[in-house]
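Q: give me a 3D structure for the following:
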Amino acid sequence: MPISPRSRHAGLAALKDGRTPSEVRHRLWRFYNYSKPAAPSQCTGLADRASRVYQGLNTDIQPVGARLHFLPVRMRVPLKFGPETSTSVTCARVRLRIADGRGRIADGWGETPLSVHWVWPGQLAYESRHAALKEFSIELARAWAGFDVSGHSMEVGHDFQEQVLPKSFRDFNSRRGGEPMPWLAALVCCSAFDLALHDAYGQLHQLPVYETYNSRFMNRDLAAYLTSAGGAAVSFGGRYPADFLVAKPSMRLRAWHLVGGLDPVDASELTGREPNDGYPVLLADWIQRDGLKCLKVKLRGNNAGWDYARLIKVGAVAVANNVEWLTADFNCTVSEPAYVNELLDRLRDEHPRFYGMILYVEQPFPYELEQHRIDVHSVSARKPLFLDESAHDWRLVKLGRELGWTGVALKTCKTQTGALLSACWAKAHGMTLMVQDLTNPMLAQIPHVLLTAHAGTIMGLETNAMQFYPEASAAEAVVHPGLYQRRDGEVDASTIRGPGFGYRLSEIQRELPEPAALFEQ
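A: Residues are numbered from 1 along each chain as shown. Predicted coordinates for the structure are as follows:
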């Protein structure tokens, strides 16, 4: 009889906890025979098999060094997030070094835009928030380099987020005083390190990292992380992320274009300050150039007249240019479900075609879900309702489901580890998925696209860096042209190959600035 993943996990846990061979045999036998307890004498030989499995787990790694770079990027046009507007962003690029038990070393890379206005809306001056995110990222570099935990990249990443990140977050806010940095900001700062960890794991084992999310490489099954919703016939025992991922993903993915609150929809909205840089400005020109079929419309959430008129205007351009789908994104600015319901009902009654084109509604309500436990069943009865900013982790996805949310917008900027756990929990409970952008340029785009392909979304992914800073990714586009331009309404990920995230980093000619932090054991 082969050792099942669940039994393997039980045996490993027993061995690691220092149980005797007899106790290990008993525990393994109980996992094989759920209906009745067994005497240890019935389990002869299983401890030896468990020991072989344990000794064969030479795939575990641990971090031994971290290097952090800050890459400033200027936007060609401003991007409005709720009440605030971005004109630039700093990307955190991380090299994380790992080692295994045999002394082998590998480097992995991760990158995330430190999008101040998205992660930390508030009254504090922009530069104060920006500087705090960079300072916290440097502190995390030190913490990651000294994190003395081994396992699969997902296990190490999870343990860091459970054991280290919360305390670092509390201590940082305590030292700073004043307006506290939000938890979402801490997650985004952490995400570049977590992405680099997953890439490094694949690099060390010379495998695409998505081929390692299974019982062959992982010590823990999903039951070590997740619990099901009350009353749900769901079990995570003996199941791994691979059980919820797309086995043979398509590498051509439908791309959603962002219609920002300041983006001119037609010529009447031009101000004369638009760039003359060879890229489109008007919405119809973007649609025609890129063959777009999906538009995400940013709304204000505090001005129903403006929001309705914006949807009508964008809808008219969309229909005239053969766009198929729309979505409405309120960026956490709505406080009452009635606001969204009345807008949707009016659209249904007065413009049923535009209403029918809305595939889902994204995050109207405040992202502090535990503080704002708004019953949203009335909204999701009209259109699928997706968590975005609120979906920090699977626990909040669980709470969101109880409140009436029906889908989850995943983001790699909230860590690869967290995105995978949220995806598994959501799919196990019948929730649908999207993958949303943080205007990911350069390396950040690659894990973003891979998550979409492997998670299985209802319709592609949002990808808009080519709208706001297309030249920022020029070096990466030489190797991966289909990732940084949209053609026939899609991005093409077929150039991603090789170990880790398949960056093909040695082929990308990018000169990095001096490290902002470097820590090695």
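Q: hey, let's count contacts and neighbours off CA atoms from now on
A: Will do.
Q: which residue ranges of the stretch 401-521 of the chain form helices?
A: 416-428, 445-455, 465-468, 474-479 (DSSP state H, counting those that start in this stretch).
Q: can you put the ones you listed in CSV and add mean pLDDT and mean neighbour count?
A: What follows is the helices of the stretch 401-521 of the chain, written out as CSV (pLDDT from 0 to 100; neighbours: other Cα atoms under 10 Å):
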stretch, mean pLDDT, mean neighbour count
helix 416-428, 98, 23
helix 445-455, 98, 23
helix 465-468, 97, 21
helix 474-479, 98, 18
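Q: which among those helices is found nearest to R401?
A: helix 416-428 (8.8 Å; Cα to Cα).
Q: quick one, that closest one and helix 445-455 angle?
A: 20 degrees (axes from the mean of the first three to the mean of the last three Cα atoms, to 10 degrees).
Q: show me the domain layout of the protein.
A: Domain ranges of the chain: 5-56, 61-219, per automatic domain parsing.
Q: what's the most buried one of those domains?
A: domain 61-219 (a mean of 20; mean count of other Cα atoms under 10 Å).
Q: end-to-end on that one?
A: From its first residue to its last, domain 61-219 covers 12 Å (Cα to Cα, to the nearest Å).
Q: and it, how far out from the chain's middle?
A: In this view, domain 61-219 has its centroid 12 Å away from the chain centroid, taken as Cα atoms, centre = their mean, to the nearest Å.
Q: can you tell me the average pLDDT over it?
A: Mean pLDDT, computed over domain 61-219, is 96.
Q: quote the end-to-end distance of stretch 245-262.
A: By Cα to Cα, one end of stretch 245-262 lies 37 Å from the other end.
Q: quick revisit: could I get the helices of the stretch 401-521 of the chain in JSON lines, plus columns for distance to A185?
A: Below are the helices of the stretch 401-521 of the chain laid out as JSON lines (distance: least, Cα to Cα, whole Å):
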{"stretch": "helix 416-428", "distance to A185": "14"}
{"stretch": "helix 445-455", "distance to A185": "18"}
{"stretch": "helix 465-468", "distance to A185": "20"}
{"stretch": "helix 474-479", "distance to A185": "26"}
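Q: these: which one's closest to M251?
A: helix 445-455 (6.6 Å).
Q: same for the closest one, what does it pack against?
A: Secondary-structure packing of helix 445-455 (3 or more Cα pairs under 8 Å, 6 or more residues apart in numbering; DSSP states H and E): strand 432-435.
Q: tell me the phi and psi of the residue lying closest to V116 once chain neighbours are set aside?
A: Take V116 and drop its neighbours on the chain: the residue closest to it by Cα to Cα, 6 or more residues apart in numbering is H130, 6.0 Å away. When read as degrees, to the nearest 10, the backbone of H130 gives phi -60, psi -50.
Q: what bridges to V89?
A: As for beta bridges, V89 partners with V73 under DSSP bridges.
Q: please name the residues that touch it.
A: V89 makes contact with 72-75, 113-116, according to Cα atoms under 8 Å, 6 or more residues apart in numbering.
Q: swap in D388?
A: Applying Cα under 8 Å, 6+ apart, one finds that D388 lies in contact with 362-363, 367, 408-410, 436.
Q: any idea how far it is from G230?
A: Distance from D388 to G230, by Cα to Cα: 23 Å.
Q: with V94 instead?
A: Look at V94 and G230: by Cα to Cα, they are 39 Å apart.
Q: then E211?
A: Distance of E211 to G230, given as Cα to Cα: 31 Å.
Q: what does R310 give?
A: 40 Å.
Q: the two: which is more packed in?
A: Neighbour count, other Cα atoms under 10 Å: between R310 and G230, R310 has more, with 19 against 9.
Q: and S174, what element?
A: If you go by DSSP states H and E, S174 is part of helix 165-176.
Q: now the element after that helix, going C-ward?
A: Immediately after helix 165-176, counting by DSSP H and E, sits helix 183-205.
Q: can you give me the helices for the stretch 1-150 of the chain?
A: With DSSP H, counting those that start in this stretch as the criterion, the stretch 1-150 of the chain has helices spanning 5-16, 21-32, 46-56, 116-119, 126-145.
Q: now the longest one against helix 183-205, angle please.
A: Right, the one you point to is helix 126-145. Going by the same axes, to 10 degrees, helix 126-145 makes 40 degrees with helix 183-205.
Q: which other residues reach helix 126-145?
A: With Cα under 8 Å, 6+ apart, helix 126-145 has contacts from 63-68, 96-97, 114, 116-117, 120, 160, 164, 168, 172, 181, 185-186, 189-190, 193, 516-521.
Q: what's the angle between it and helix 165-176?
A: Using the same axes, to 10 degrees: helix 126-145 against helix 165-176 is 140 degrees.
Q: no further queries at this time; thank you.
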